[in-house]
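> prediction below, plus the sequence it came from.
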Amino acid sequence: MLASRLVRAAGERAGGLAVALGPASAAAAVSFCAIFFGGGLTAATLAWIGALALVGAALLTGAALLGALPAPTLDGPAALFLGSLLGLAVWCGFSTVWSISPERTWGYTNRTVVYTAFALLGLVAGTRLPRARLAAGAAALLALLAGFALLAKCVPALYDYGRVARLRSPLGYWNELALLCDAGVPLALWAAAHARRQRARAAGVVLLYALALTLLLTYSRFGVALACLAAAAWVALDRRRVESLAALAVGGGAGAAVFGIALALPGITNDGEARSVRAHDGWIFALVVIAGAALVSLAALALAGREVPPERRAGIERAAGLAALALALAGLAVSIAFAGSVWSEFTNPGSQLSNNVSHLASAKSNRWIWWQEAWHAFTRHPGGGTGAGSFELTNQMLHRAPVVVDEPHNTPLQFLSETGVIGFLLYLGVAGGALWGAWRARREPAGLALGLVVAAFFVHGVVDKDWNYVATCGPLLLVAGALLARRSATHARRPLLAAGAVAVALAAVYSLTAPWLAQRQLAKGTPASFASAHSYDPLSVDALQGLAAFDDRPGHYRDADRLYRDAVALEPQNAETWYALGVFYFEHEAWQRAYAALNNAYTYDRFGTFARPCGLLDQARTKATGYTPPTLKCPGSKRPASP
């Protein structure tokens, strides 16, 4: 018996849902893990989250190549985006050959490979996932994030804010949490303006309230500015401007008001407060946050039930446009008036930067110094850079203060410095392809909101080290891939390519887990564990130095000397490798060699422990040359510190 047309249509819809459920679920699960568990920079975190992304991308790609899922077509923007991202990962791996820190380069290559998997996962999932559903899922994830971040501020047991009060849980870094709040602004405005149900519109306004409050508690200056730019871009490009303006007034205004109340609670916004103070002010803050959410919800429901007539809509939009123009002109005038002092404060930060609420009103930053250091490294190595992920050693050699940073807080400049012109052009290709897809998706409201999410990500990368955080890079590149997804018209099966994708993913998983396994072996601190760590990670200087320390016994001088020198050969611009070698020579009374090695350590880091007056370097110089600076008054000889 033939099925009726309605039965056949229902069956087709059910089958389509089943096909879409796998990619959508995989994308949601991996993004959730990245956001809530991927904030740290540890090898263990990258290993298991990266493995999930790689396996998920390989399985979905294999299913698409075998015809079980619709295959995406690689048109111009998609090919530029995915090809540049894959090329960037390969180029980062090649830079290990000339890197000043091969171990760090390996880790950075792994990170970029994981981001490629996220992008591929989004590209495959996007072929069957409507953009409205993708936007709704992203908004739900960000709502969970904002809720947990505020809850951790209320409950001290969830996160320790005793020393620094800036909101950063669960990502561990306030500026990355601010980036995700920025990404949520256009999604919240989309829900508030275009959701079909009144409750969904009200939920969008409440989400905007939570995001605004979370963002302000991060004290991120550029994060606040970028959120304003994202909101302005949405209002300018979307047709339902009145609803968006109302959502901004209610949700954003309430978030700012609750933030003002938080400033009066020391346990919420002051550094160094006792746990009892944080617990006491935490429950007060929780009540205020809940009350604010309730009021915002009631106001949003009331506004959602009222339709604005076309004639009033035009007047409101005109008034809002004039107000925005006046505000922009006032901001421009203030910027011109204070441009000199702001620039001077930015380029000459002077004293130590604060992390309290005064950070919002200050232009102080060390970024200008870090950018100069990165540019200096590029001009010395314009072709291939110093090696992916190696800026820490560049900063160690050039820094003007004891604090050492691992990135210049500028992603394009970082790739220019670490991977040279080729890596920089590949990164521009990634950004160009993603932004091309974002611009193409602007015709529908959900696509416009997601496109602004992608644009915010690449704009934020100009002032921070986003590439270090799988919690932000992974999900946002997944969104970029999903926006570029277009279903291929052909369904040819390619089993060899499917098998190749799985094999490459398994190799990449091993590349991710090897450094983590090496770190686990290093923690044991035995000769066998150091040897095992070296077998997992032959680029690890810690493994070589650990083996050398155990070989440093009577009759094994040459073996230990060789291992210490091998560590120096791996990272010849690392002060720590030279210091360990210098300590070894000092303990064996090889004064000339000890002085040379310790002097190299001082060359690459003028603020290390070996640079202290009367320290190991001064002692080695005296013993090697017989010279002691007349201004140096040392009470006596000191034994060397452990490397």
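Great, that's in hand.

> do a quick rundown of the strands in the stretch 451-600 of the chain.
Assigned by DSSP state E, counting those that start in this stretch, the stretch 451-600 of the chain shows no strands.

> now it, which segments are flagged as low pLDDT?
By pLDDT under 70, the low-scoring segments of the stretch 451-600 of the chain are 488-492, 552-555.

> hey, where'd the helices end up in it?
According to DSSP state H, counting those that start in this stretch, the stretch 451-600 of the chain carries its helices in the segments 470-484, 495-524, 527-536, 541-551, 557-570, 575-587, 591-604.

> want to try a markdown table for these, with distance to residue 38 and mean neighbour count as columns?
For the C-beta atoms, the positions are set from N, CA and C on the backbone; glycine is no exception. As requested, the helices of the stretch 451-600 of the chain are exported to a markdown table (distance: least, Cβ to Cβ, whole Å; neighbours: other Cβ atoms under 10 Å):
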| stretch | distance to residue 38 | mean neighbour count |
| --- | --- | --- |
| helix 470-484 | 4 | 28 |
| helix 495-524 | 13 | 17 |
| helix 527-536 | 22 | 18 |
| helix 541-551 | 24 | 22 |
| helix 557-570 | 28 | 18 |
| helix 575-587 | 28 | 24 |
| helix 591-604 | 32 | 20 |
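
> which among the ones you listed is found nearest to residue 372?
Closest approach to residue 372 among the helices of the stretch 451-600 of the chain (Cβ to Cβ): helix 591-604, 18.0 Å.

> how far off centre is the closest one?
Centroid separation for helix 591-604 versus its chain: 37 Å, with Cα atoms, centre = their mean, to the nearest Å.

> cool, and stretch 617-629?
The chain centroid and the centroid of stretch 617-629 are separated by 46 Å under Cα atoms, centre = their mean.

> before we move on, what about stretch 270-285?
The answer for stretch 270-285 is 28 Å, by Cα atoms, centre = their mean.

> what sits up against that stretch?
Here stretch 270-285 makes contact (Cβ atoms under 8 Å, 6 or more residues apart in numbering) with 153-156, 161-165, 261-262, 265-268, 355-356.

> so residue 64 is in contact with residue 125, correct?
No: counting by Cβ atoms under 8 Å, residue 125 is not a contact partner of residue 64; they are 10.3 Å apart.

> between the two, what contacts are shared?
Overlap between the contact sets of residue 64 and residue 125, as judged by Cβ under 8 Å, 6+ apart, is nil.

> quick one: which of the two has more around it?
Neighbour totals were compared for residue 64 and residue 125, and residue 125 leads with 28 against 24 (other Cβ atoms under 10 Å).

> now the more buried one: closest residue in space that isn't a chain neighbour?
For residue 125, ignoring the flanking residues on the chain, the nearest one in space by Cβ to Cβ, 6 or more residues apart in numbering is residue 23 at 3.6 Å.

> please verify my assumption that the one you found contacts residue 123.
No: using Cβ under 8 Å, residue 23 and residue 123 do not qualify as a contacting pair, with a distance of 9.9 Å.

> so which of these two has more stuff around it?
Applying other Cβ under 10 Å to residue 23 and residue 123 shows that residue 123 carries more neighbours, namely 30 against 27.

> which strand or helix spans that one?
Per DSSP states H and E: residue 123 is located in helix 102-125.

> point out the other helices and strands that the helix or strand following that helix packs with.
Remark: after helix 102-125, the chain's next helix or strand is helix 131-154, criterion DSSP H and E. Secondary-structure packing of helix 131-154 (3 or more Cβ pairs under 8 Å, 6 or more residues apart in numbering; DSSP states H and E): helix 5-37, helix 174-194, helix 198-217, helix 275-304, helix 445-460, helix 470-484.

> who wins for proximity to residue 548 among these?
Residue 548 lies closest to helix 470-484 among the helices and strands packed on helix 131-154, at 33.4 Å (Cβ to Cβ).

> turn the helices and strands packed on helix 131-154 into JSON lines, including distance to residue 228.
Listed next are these as JSON lines, based on distance: least, Cβ to Cβ, whole Å:
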{"stretch": "helix 5-37", "distance to residue 228": "23"}
{"stretch": "helix 174-194", "distance to residue 228": "9"}
{"stretch": "helix 198-217", "distance to residue 228": "10"}
{"stretch": "helix 275-304", "distance to residue 228": "19"}
{"stretch": "helix 445-460", "distance to residue 228": "11"}
{"stretch": "helix 470-484", "distance to residue 228": "19"}
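
> for residue 368, which of those is the nearest?
helix 174-194 (16.5 Å).

> next one: that closest one to chain centre, how far?
Using Cα atoms, centre = their mean, the offset of helix 174-194 from its chain centre is 16 Å.

> number of nearby residues for residue 348?
Residue 348: 10 neighbours (other Cβ under 10 Å).

> do the same with the one 10 residues further on
Under the neighbour criterion other Cβ under 10 Å, residue 358 is assigned a count of 11.

> how close does it get to residue 269?
From residue 358 across to residue 269, the span is 11 Å (Cβ to Cβ, to the nearest Å).

> need the contact list for residue 301.
198-199, 202.

> again, 7 Å this time
Residues near residue 301 by Cβ atoms under 7 Å, 6 or more residues apart in numbering: 198, 202.

> try residue 292
Counting by Cβ under 7 Å, 6+ apart, residue 292 makes contact with 209, 254, 258.

> do residue 575 as well
Counted by Cβ under 7 Å, 6+ apart, residue 575 has contacts 396, 601, 604-605, 608.

> mind doing that once more with 8 Å?
Here residue 575 is in contact with 396-397, 600-605, 608, 610 (Cβ under 8 Å, 6+ apart).

> so can I have TSV of those showing distance to residue 389?
Listed next are the contacts of residue 575 as TSV, based on distance: Cβ to Cβ, whole Å:
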residue	distance to residue 389
396	14
397	16
600	22
601	22
602	24
603	22
604	17
605	18
608	21
610	25
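
> residue 383: which of the residues you listed is nearest?
Distances from residue 383 to the contacts of residue 575, taken by Cβ to Cβ, are shortest for residue 397, at 19.8 Å.

> and the longest helix along the chain, what does it pack against?
Taking DSSP state H as the criterion, the chain has its longest helix at helix 310-347. With contacts taken as 3+ Cβ pairs under 8 Å, 6+ apart, helix 310-347 sits against helix 241-247, helix 367-380.

> now, of those helices, which is deepest in the fold?
helix 241-247 (a mean of 23; mean count of other Cβ atoms under 10 Å).

> give the other helices and strands that it contacts.
helix 174-194, helix 198-217, helix 221-237, helix 275-304, helix 310-347.

> can I get these in CSV including mean pLDDT and distance to residue 52?
Formatted as CSV, the helices and strands packed on helix 241-247 follow (pLDDT from 0 to 100; distance: least, Cβ to Cβ, whole Å):
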stretch, mean pLDDT, distance to residue 52
helix 174-194, 95, 19
helix 198-217, 95, 26
helix 221-237, 93, 28
helix 275-304, 92, 32
helix 310-347, 73, 40
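
> need the three-state assignment for the closest residue to residue 427 other than its chain neighbours.
Residue nearest to residue 427 in three dimensions, not counting chain neighbours: residue 415, with 4.5 Å by Cβ to Cβ, 6+ apart. At residue 415 the chain is in helix, as set by DSSP: H, G, I helix; E, B strand; the rest coil.

> now residue 504. Nearest residue, chain neighbours left out?
Closest to residue 504 by Cβ to Cβ, 6+ apart is residue 58, at 7.4 Å.

> for the one you found, pull up the helix or strand it's in.
Under the criterion of DSSP H and E, residue 58 resides in helix 43-65.

> can you list the buried residues in that helix?
43, 45-65 (16 or more other Cβ atoms under 10 Å).

> tell me how the protein divides into domains.
What automatic domain parsing lists as the domains of the chain is 23-125+369-518, 130-365, 540-625.

> chain center to the shortest one, what's the gap?
Which is domain 540-625. What separates the centre of domain 540-625 from the centre of its chain is 35 Å, taken as Cα atoms, centre = their mean.

> kindly report the same for stretch 116-136.
20 Å.

> endpoint to endpoint, that stretch covers what distance?
Using Cα to Cα, to the nearest Å, one end of stretch 116-136 lies 23 Å from the other.

> alright, calling it a day.
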